[in-house]
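Participant: only geometry, no sequence info:
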């Protein structure tokens, strides 16, 4: 799972999760790895592939590997080589984008758009693009044919931009003589310590009347 504080924060590294194993029969909780970026279970369920930064390690799914070399295997990724032909890759990325949009669009009929015809119309351009930036421009145009929101293109070198601070809900207020009476102070998301009502540290409680705000 991913709680609020576990997401990447602009200007700093994302917090790493701790991987734990809970024995449902005994209630025993065991730490399998202290810092994990991602984890996947092998097909038979007896081992885990754990990623930390760019390193991949295979560990048992039910006990700490410790210093046992037979139980812990670090994968040597330096031997993995990939040959890429940019022109062919551009076409493949274009086709996969079109396929993903078709499969995951919010309505099955693509809001009445002949998607196959749209994809075919732009396909000759996909075969001619020379750079990744040109491909991104083309995919933006393709996505734009849908006239929908939340259909973006992100460059692989894009850096997270500074997030704007968003005000959190402070309270339910009712008109009162001389101000606003606090009817309720909603509880914030417990997984995000910083997400709390600004009234809480001020000691404001239900029934208090807010006369002014500094």
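Facilitator: Perfect, I can see it now. Source: prediction; values computed, not measured. Numbers count the residues shown, from 1 in each chain.
Participant: What about residue 126, how many residues nearby?
Facilitator: For residue 126, the neighbour count with other C-beta atoms under 10 Å is 22. Every residue, glycine included, has its C-beta placed from N, CA and C.
Participant: Quick check: closest non-adjacent residue to it.
Facilitator: Sequence neighbours aside, residue 94 is the residue nearest to residue 126 in space, at 3.8 Å (criterion: C-beta to C-beta, 6 or more residues apart in numbering).
Participant: same question, residue 59
Facilitator: Once flanking residues are discounted, residue 59 sits nearest to residue 65: 4.5 Å by C-beta to C-beta, 6+ apart.
Participant: List the contacts of the one you found.
Facilitator: Applying C-beta atoms under 8 Å, 6 or more residues apart in numbering to residue 65 gives the contacts 32, 59, 71, 72.
Participant: Distance from the chain centre to the lengthiest helix in the chain, please.
Facilitator: With secondary structure taken from DSSP state H, the chain has its longest helix at helix 86-104. Its chain's C-alpha centre and that of helix 86-104 lie 21 Å apart, by C-alpha atoms, centre = their mean, to the nearest Å.
Participant: so who does the residue in the chain sticking out farthest from the centre touch?
Facilitator: The C-alpha centroid of the chain is most remote from residue 177, which lies 46.1 Å away (C-alpha atoms, centre = their mean). By C-beta under 8 Å, 6+ apart, residue 177 lies in contact with residue 209.
Participant: pLDDT score assigned to it?
Facilitator: We have a pLDDT of 91 for residue 177.
Participant: for the one 4 residues further on, same thing?
Facilitator: Per-residue pLDDT puts residue 181 at 94.
Participant: Residue 9 too?
Facilitator: So, for residue 9, pLDDT stands at 55.
Participant: same check, this time on residue 166
Facilitator: 63.
Participant: same question, residue 194
Facilitator: Confidence for residue 194, expressed as pLDDT, is 67.
Participant: gap between stretch 16-25 and the chain center?
Facilitator: 21 Å.
Participant: Ok, stretch 180-189 next?
Facilitator: The answer for stretch 180-189 is 29 Å, by C-alpha atoms, centre = their mean.
Participant: Would you state the strands of this protein in chain order?
Facilitator: Chain-ordered strands for the chain, with DSSP state E as the definition, fall at 17-22, 29-36, 38-41, 47-52, 55-60, 73-74, 172-176, 179-184, 209-210.
Participant: And the residue farthest from the centre of the chain, how far from residue 205?
Facilitator: Counting by C-beta to C-beta, to the nearest Å, the gap from residue 177 to residue 205 is 18 Å.
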